[in-house]
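# Generate a structure from the sequence data that follows.
(one chain, ligands or ions: 1)
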Amino acid sequence: MTQPLIPIDQCPIQIEDDRTGTNVETLKRAFADNLFYLQGKYESLATQDDFYMALAYTLRDRLLSRWLKTTKTYMEKDVKVVYYLSAEFLMGRHMGNSLINLHLYDRVRQAVEESGLDLDEILEHEPDPGLGNGGLGRLAACFVDSLATLEIPAVGYGIRYEFGIFTQAIRDGWQAEVPDKWLRFGNPWEIAHPDQAVEVKLGGHTEMYHNEKGEYKVRWIPANRVVGIPYDTPVPGYDTNTVNPLRLWRAEASDDFNFDAFNAGNYDGAVAEKMRSETISKVLYPNDNTPQGKQLRLEQQFFFVSCSLQDIIRTHLLRHPSLHNLHDTAAIQLNDTHPAVAIAEMMRLLMDEHEMDWNTAWRVTQKTFSYTNHTLLPEALEKWSVGLFEYLLPRHLEIIYEINRRFLEDVKRWYPGDDNLISRLSLIDESGEKYVRMANLACVGSHAVNGVAALHTQLLKQDTLRDFYRLWPGKFINKTNGVTPRRWILMCNPKLAELYNSKIGEGWLKDLSQLKQLEKYVDDPDFCQQWREIKLHNKRQLAQYIWEHNGIEVDPHSMFDIQVKRIHEYKRQHLNLLHIIALYNQIKQNPDQHIVPCTFIFGGKAAPGYFMAKLIIKLTNSVADVINHDPDVRGRLKIVFLNNFNVSLGQRIYPAADLSEQVSTAGKEASGTGNMKFAMNGAMTIGTLDGANIEIREEAGEENFFLFGLTAQEVADTKAKGYNPRDYYSSNPSLKAVIDRIAAGYFSHGDKELFKPLVDSLMYHDQYMLFADYQAYVDCHKQVSKTYSDQDKWTRMSILNALRMAKFSSDRTIREYCNEIWNVQPVPIEMEEYSQENA
Ligand code: 475
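Numbering: from 1, shown residues only. All right, here's what the predicted structure looks like:
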């Protein structure tokens, strides 16, 4: 009667239609169609949001055939997949990225313009999805970009926070936090898959029982259950057909749970319980480099871990009869300890739900997991009170105790009689109230542990994880961070990309080492001139933004000296301020002396509960107020605090920088990644020998880097000898004058109390040794000014910095993870031929 049904993936729709076509006419038609049918608007009544949504759907449609084909290929070929577990993914806006990775920028621009609209305005309408705090979350985003670009089968697993990192407002110089309602108008990039929802248990108790084979087994009787709904966002590779998923989980109350309560007539209670379950994915904790010991945070961690592991196991069992070979199909990376409870959850799933014995389960677990550490700050090591753990995850605590018992048994055999060693290695901190040490759990349960820059890994081995290194030296491995050149050069600095393309084509975007070929132009006056013009163009654009947002006029010819990153004492934004005040003091002493005009730009959020960081923001704005308005300064110094630093603001800032401030106390910044973005865009770095600065300097050449300050070793030695900041204060008149000016209330309308906590903390503790590095920093800045005055020399150094940053492409980093930790290979995705129209 009828023809046989054509399998959906062989339907002609795959070839070319209004949802896949990419010529300008088709794009215009698709855009208009989406505006009408998805937004329900006539063009005459549509808002910028409607246009943005319609265009976003137009692009998502064009990702879908590749996306589905990618998933299908992975299933058919039964490939090994990287699962990147991270509590944060700071993706940045999707639209520009999709345009670039689909090679559709020019055609979409034309289609939009011919529809009478402005593409840049539409791009600005996308909310910046802030599902991360800073470095760690942005690294995860660069990694998924590189994984897709390198055609590696990968899934990013995380939490679909309803509220991302707060929007930072500045009121009277202070930070104020405003909730980030990024989903207000809907999210056109994601697709929900309620059919793949999973259940997560919480609380309750455990009990023993006999299974059919007569073996003792444990089961967990939870007090509560929540459901995780997956939302998938496509992550397209650059210049490949690969589109991997970012799968984020949203928490929902489970129906049967509520059903009982409804039946019992407890309507209010049921509703309250439902709301409680759903708060799990409500909001991102806004702490960077410090853990928050709240129950809800542990619930978040366990929630996304349990959802993700169940999903991984389900995927594996679609193709394999048992889980004995899970490590052959799955490499699971723990992005810091936030998902470290996965070690215990995997053991529970394998043993309690899939009948595996302990030894086999442990072998599979260790072979599957690996762990990245992101911070050396001792207070940042996550630990959970045993009481809370037992209350929320009783079965996991039992498993952790058993892992610990077996582990310490081994240690006792290897190092008999060393009780201190035992108590340092133990997964349980028993020095006072008992805590589960998450880093210890992650180390024991993984086959590889890595730091994120050479110095950081060395310090992990020497200090933070010294005892584990002694047990398993082979587990420790360095993986210096990187950033994606697609977003951090091509997308944010199109003029620079155009210059590169005009000389060497586009190959550098997938092989950044090709930029070295351009070194031959470093003495070519034309090239240098173009280089300066691009920088000036980018600075003008930022100056315009500053004018519109801060009402401050800045001179694009002044040196743009920039520090943008989270506000933290160890990052020493206040050292930067001390230098600025020193320059100001010089001007006040002698208003006519020559100084190089300079615009100091700051940006960054403080954790809402971090008083000192908030005070540093207030001080920055207070100093700016005084200096920007002092007629003696004659506009030679300008200070700007840009509020709400985020990924999209970063895209404006990095390309406009002359000088990048990377001034953390040596030994404190694990790597830094902003330092890489600045250098790639031709900024010079002034920095300490900390984190990846060391490797940036190695690559750029030491003559192309402004180095100052104590080394990590000297910091440790100085501390050990008994550091007294007041010695520096009394013996250095310049430093004394700076501190005295702040303490006297000069920047606070005579109020001597306002900045007292900051002054006292420096005078009496100075944990991060600003005073010890002060003079070296000021001297180094003199070198900077002198060099900047010689524009030819500066340009040369700037060019060499940008061209020598190949090492810091996240493609290099990911290749190393693939080969040395995950053991995974690229899997190219082949698409059916498209019609000629696309060629
Ligand atoms: C380092 N975040 C950078 C970057 O490796 C490094 C911690 C606890 C709770 C919430 N967030 C955090 C971090 O620890 C973090 O972002 N660390 C950063 O990771 C990527 O480049 O030096 O500070």
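# what sits against Gln333?
Gln333 makes contacts with 82-85, 369-372, 817, 821-822, as judged by C-beta atoms under 8 Å, 6 or more residues apart in numbering. C-beta: built from backbone N, CA, C; applies to glycine.
# so what pLDDT did the closest residue to Val200 other than its chain neighbours get?
Spatially, and ignoring its direct neighbours in sequence, Val200 is nearest to Ser306 (4.5 Å; C-beta to C-beta, 6 or more residues apart in numbering). We have a pLDDT of 98 for Ser306.
# just to revisit the earlier point, make JSON lines out of the contacts of Gln333 and add distance to Leu583 and pLDDT.
Shown next, in JSON lines, are the contacts of Gln333 (distance: C-beta to C-beta, whole Å; pLDDT from 0 to 100):
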{"residue": "Val82", "distance to Leu583": "48", "pLDDT": "99"}
{"residue": "Tyr83", "distance to Leu583": "50", "pLDDT": "99"}
{"residue": "Tyr84", "distance to Leu583": "44", "pLDDT": "99"}
{"residue": "Leu85", "distance to Leu583": "46", "pLDDT": "99"}
{"residue": "Phe369", "distance to Leu583": "50", "pLDDT": "99"}
{"residue": "Ser370", "distance to Leu583": "47", "pLDDT": "98"}
{"residue": "Tyr371", "distance to Leu583": "44", "pLDDT": "98"}
{"residue": "Thr372", "distance to Leu583": "40", "pLDDT": "98"}
{"residue": "Tyr817", "distance to Leu583": "43", "pLDDT": "98"}
{"residue": "Ile821", "distance to Leu583": "46", "pLDDT": "98"}
{"residue": "Trp822", "distance to Leu583": "49", "pLDDT": "98"}
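# Among these, name the buried ones.
Restricting the contacts of Gln333 to buried positions leaves 82-85, 369-372, 817, 821-822, with burial counted as 16 or more other C-beta atoms under 10 Å.
# Restricted to helices, list the residues you listed.
Tyr817 (DSSP state H).
# Would you mind putting the buried ones among the contacts of Gln333 into CSV with distance to the ligand alongside?
Below are those laid out as CSV (distance: C-beta to the nearest ligand atom, whole Å):
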residue, distance to the ligand
Val82, 17
Tyr83, 18
Tyr84, 13
Leu85, 14
Phe369, 18
Ser370, 15
Tyr371, 13
Thr372, 7
Tyr817, 13
Ile821, 15
Trp822, 17
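# could I get the contacts of Gln333 as TSV with distance to Asn481?
Output for those, formatted as TSV (distance: C-beta to C-beta, whole Å):
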residue	distance to Asn481
Val82	17
Tyr83	20
Tyr84	14
Leu85	18
Phe369	20
Ser370	16
Tyr371	15
Thr372	10
Tyr817	11
Ile821	14
Trp822	17
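# Can you verify my assumption that Val235 contacts Leu246?
Yes - counting by C-beta atoms under 8 Å, Val235 touches Leu246, with 5.3 Å between them.
# Show me whatever sits in contact with both of the two.
With C-beta under 8 Å, 6+ apart, Val235 and Leu246 have common neighbours 144, 156.
# number of nearby residues for the residue nearest to Met95 when sequence neighbours are not counted?
Excluding the flanking residues, the one nearest Met95 by C-beta to C-beta, 6+ apart is Glu126, at 5.2 Å. Counted by other C-beta atoms under 10 Å, the residues lying close to Glu126 total 22.
# Let me know whether my guess that Glu126 is in a strand holds.
No - counting by DSSP: H, G, I helix; E, B strand; the rest coil, Glu126 is not part of a strand but coil.
# let's have the chain start at 107 instead
Renumbered: residue one is now 107, and that last one reads Glu232.
# Pretty sure it sits against Ala162.
Yes - counting by C-beta under 8 Å, Glu232 does reach Ala162; the two are 7.4 Å apart.
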